[in-house]
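**Student:** build me a model from this:
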Amino acid sequence: MVICHCLAVNDRAITELVADKVATVDDVVELCGAGSRCGGCRESIEWILSVAQQSTVGVVAVPSPA
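**Tutor:** Next comes the predicted model:
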């Protein structure tokens, strides 16, 4: 699913960054640019990072935000 429409960055690209130890939205902005233009996707990026980080430590992923 496309998360950053400005730069066409999808959720898989952001999740892959977590495997490379990316921990913050600012890290994502620096590495792939998502969240750097209009900022409308920053909350979604933050959510993806938190779910992906939890799943890397064996915690079950939480349902998507309402």
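
**Student:** and Asn10, how far from Ala34?
**Tutor:** Distance, Asn10 to Ala34, using Cβ to Cβ, to the nearest Å: 9 Å. C-beta: built from backbone N, CA, C; applies to glycine.

**Student:** show me what contacts Gly33?
**Tutor:** Contact analysis of Gly33 by Cβ atoms under 8 Å, 6 or more residues apart in numbering lists Cys4, Leu7, Val9.

**Student:** buried ones among the residues you listed?
**Tutor:** Buried residues within the contacts of Gly33, defined by neighbour count using 16 or more other Cβ atoms under 10 Å: Cys4, Val9.

**Student:** return the subset of the contacts of Gly33 lying in strands.
**Tutor:** Residues from the contacts of Gly33 lying in strands, with DSSP state E as the criterion: Cys4, Val9.

**Student:** now render the contacts of Gly33 as CSV, adding pLDDT and distance to Cys41.
**Tutor:** Output for the contacts of Gly33, formatted as CSV (pLDDT from 0 to 100; distance: Cβ to Cβ, whole Å):
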residue, pLDDT, distance to Cys41
Cys4, 98, 4
Leu7, 98, 9
Val9, 97, 8
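
**Student:** and for Asn10 and Ala34, which residues touch both?
**Tutor:** Residues touching both Asn10 and Ala34 by Cβ under 8 Å, 6+ apart: Ile3.

**Student:** circling back: list just the nearest of the contacts of Gly33 to Ala19.
**Tutor:** For these, the closest approach to Ala19 (Cβ to Cβ) belongs to Val9, at 15.6 Å.

**Student:** helices of this structure, start to end?
**Tutor:** Per DSSP state H, the chain carries helices over the ranges 11-19, 25-32, 42-56.
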